[in-house]
Every structure is written in C-alpha cells, then in structure tokens.
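# After the sequence you'll find the predicted model.
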Amino acid sequence: MDLKELTPPQRLLKTKALKRRLIPGHEKQPQIDSSLARRKAGFWGEQMLSTYLKQLPNDKYHIIHDLHLEHNGFHIQIDNILLSQNLILPIEAKNIQGSLYFDDQFNQLIRPNEDGIEEVFEDPRVQARWHRSLLGDCSIKTDSTCSHMII
C-alpha cells in the first residue's frame, strides 16, 4: 500500500515549464533539452520501480515515495522507502543506460560513451549507505497525512 503516492518531481515540472517558455533558438536550448531528457528518464525509472513495488502484498508492505527528511540540519531525499513489520528499506532508483563501472577508490560510477569520453556520476552505493545509517540510528515519526516524515 502506498502511504505517499509517486508524483512527478518539482524539478521535472519546472524544467518542462521553462522549455515551454523559452524562445525558439535560444542559446540555452540544448542544455535545457538535455536536462529535461535526464529528468524524464529518471522519473520513468521511478515509475517502473513503483510498478514492481505495488505488486508486493498490501497487507505486509507499505511504500513511501519521494521521502524528504531532515536530520541535524541536513535535508535528505529518498526515492522510496519500503516498510514492513521487520524492515525499513530505502530504495534509490537510477535509470542510466550503457555499461557502468564502479570505482571503489574514488566512490564514483563511470559510464564510458561511444566516443571514448567517460561520464562520471556519484556512486549511488554511498548514498544508500548514508540513508541506511540515518534510518538505523533514528526513530521516525510521521504526521497523519504521511506527506513528510521527521527524524
């Protein structure tokens, strides 16, 4: 059962609005198109993950999408949390095409492009470990609508 439904991220909605308002041929058009494509792909990946999570038994599992937490002045966003009686599992969705390599020395995720240039991303395992440690160390309280959670 979804405690908080999946909705399009604000950054995606804002980038779409910016694209609609941009003058044709504007110099920033390629950057905005690229950003919009990445944001759409990311949201599509989250929607696909949500489809699989919804197949879990409603009486045993609860799902919270796009969870925003605050801990010691830091703001944290977790794509999904799967809750059961015995488990709190943070799940980060990444939708990256191509061959990927994890660089453990520098905590990076690397995707070589066809032209030989390597695109570097933050290693999502670092983010997942951080989320796990925060959730393991803190008690969680929810408001009645589950629109946000406070640690």
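Alright, I've got the coordinates.
# Quick one: residues contacting the residue nearest the centre of the chain.
Per C-alpha atoms, centre = their mean, the C-alpha nearest to the average position across the chain is that of Asp79, at 3.9 Å. Neighbouring residues of Asp79 by C-beta atoms under 8 Å, 6 or more residues apart in numbering: 46, 49, 65-67, 91-93. Where you see a C-beta, it was placed from the backbone N, CA and C, and this is true even at glycine.
# Show me which of the residues you listed are buried.
46, 49, 65-67, 91, 93 (16 or more other C-beta atoms under 10 Å).
# quick one on the thing from earlier: Provide the secondary structure category for the residue nearest to the centre of the chain.
With DSSP: H, G, I helix; E, B strand; the rest coil as the basis, Asp79 sits in strand.
# Next, format the buried ones among the contacts of Asp79 as a markdown table and append distance to Pro57 and pLDDT.
As requested, the buried ones among the contacts of Asp79 are exported to a markdown table (distance: C-beta to C-beta, whole Å; pLDDT from 0 to 100):
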| residue | distance to Pro57 | pLDDT |
| --- | --- | --- |
| Glu46 | 21 | 91 |
| Leu49 | 17 | 92 |
| His65 | 18 | 90 |
| Asp66 | 22 | 87 |
| Leu67 | 21 | 86 |
| Ile91 | 17 | 87 |
| Ala93 | 21 | 82 |
